[in-house]
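Engineer: What follows is a predicted protein model with its sequence.
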Amino acid sequence: MTLSPLLPLHDGHGIPQLGLGVYKIADAAAADAVQVALEAGYRHIDTAALYDNETGVGQGIARSGLPREDVFVTTKVWNDQHGYDKTLRAFDVSLGKLGFDYVDLFLIHWPAPRQDLFVDTWRALETLRASGRARSIGVSNFQPHHLDRLLAETDVVPVLNQVELHPWLQQSTVREYDAAHGILTEAWSPLARGRAIGNETLDAIGARHGKTAAQVVIRWHLELGNVVIPKSVTPVRIRENFDVFDFTLDAGDHAAIAAIDAGQRTGRDPDDLD
């Protein structure tokens, strides 16, 4: 069975580069999607407290029969639980829903800068890392100015920064900042909420390689060095999204995709979400 490449995190752990995202998947459906994904070769599942499907994710992993240590699981603390003590309590809730005694990666979901609590929240993540209950810790939707403050005021550098990233929002500044500080960049909404499907440029690249536009974009992420977590509940699409390890993009393909960049978000600006 083909498995995803494992990228090194700066804390000594590794993360499968291609995972399954489960945003907006109902709890009951999440168990089935996770089981299908694990059968297809995925070994990385990305959830969050906000998604309200941590129970289903845990059930899907249990049903797969795989040892817990073979599946990399990420979850996140939501904005209304920022602050040191609240974050520790929120982590306990997430862990209980998953049915685990540790998570592989725990993230601050958004900086929520107007609350001005993400530094205290990060200190709670440092405590969880020290306890071993969160093996690695990172952030999501942090811009360089948020990370500057975190690095100046706390002790542990995030291993990963998960941001909206796709051909229409290529995030070169964030990726360059992350790379300079040893932080991996992970892409959410990697297919721009379906916008990649039917795009003329991506379709043409896919036709040359015998692949779909979605597979082209996932492969593009992998070749850029991004961690990528496409979401689907459809078994055939889950499997298709993982079938990207038998081709490579050439320089012309990369140049054509680079030209798509328009700085366009499908989600919120990180400075505008409390």
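Structural biologist: Thanks, I have it.
Engineer: Surely Ile25 forms part of a helix?
Structural biologist: No - applying DSSP: H, G, I helix; E, B strand; the rest coil, one finds Ile25 to be coil, outside a helix.
Engineer: In contact with it, which residues?
Structural biologist: Counting by Cβ atoms under 8 Å, 6 or more residues apart in numbering, Ile25 touches Ala33, Tyr51, Asn53, Gly56, Lys231, Val233. Glycine gets a C-beta too; all of them are placed from N, C-alpha and C.
Engineer: give me the element the closest residue to the fourth one other than its chain neighbours is part of.
Structural biologist: So that's Gly56. Excluding the flanking residues, the one nearest Gly56 by Cβ to Cβ, 6 or more residues apart in numbering is Ala30, at 3.2 Å. Using DSSP states H and E, Ala30 maps to helix 27-40.
Engineer: Could you name the helices and strands sitting against that helix?
Structural biologist: strand 20-21, helix 54-64, helix 235-242 (3 or more Cβ pairs under 8 Å, 6 or more residues apart in numbering; DSSP states H and E).
Engineer: which residues are in contact with the very next helix or strand once past the second one?
Structural biologist: By that I understand helix 54-64. Of the helices and strands lying after helix 54-64 in sequence (DSSP H and E), the nearest is strand 72-77. Residues from elsewhere that reach strand 72-77, judged by Cβ under 8 Å, 6+ apart: 15-16, 19, 43-50, 54, 57, 61, 87, 90-91, 94, 98, 100, 103-109, 121, 125, 140.
Engineer: Next, the contact list for the residue nearest to Pro158 when sequence neighbours are not counted, please.
Structural biologist: Nearest residue to Pro158 in three dimensions, chain neighbours excluded: Gly138, at 4.2 Å (Cβ to Cβ, 6+ apart). Applying Cβ under 8 Å, 6+ apart, we find Gly138 in contact with Leu105, Phe106, Leu107, Ile108, Pro158, Val159, Leu160, Asn161, Gln162, Ile183.
Engineer: List the residues that contact the first one.
Structural biologist: Meaning Leu105. Contacts of Leu105 (Cβ under 8 Å, 6+ apart): Ile15, Phe72, Val73, Thr74, Thr75, Ala134, Arg135, Ser136, Ile137, Gly138, Val159, Leu160.
Engineer: Quick check: Gln115 touching His82?
Structural biologist: Yes - in this structure, Gln115 is within contact of His82 by Cβ atoms under 8 Å, at 5.5 Å.
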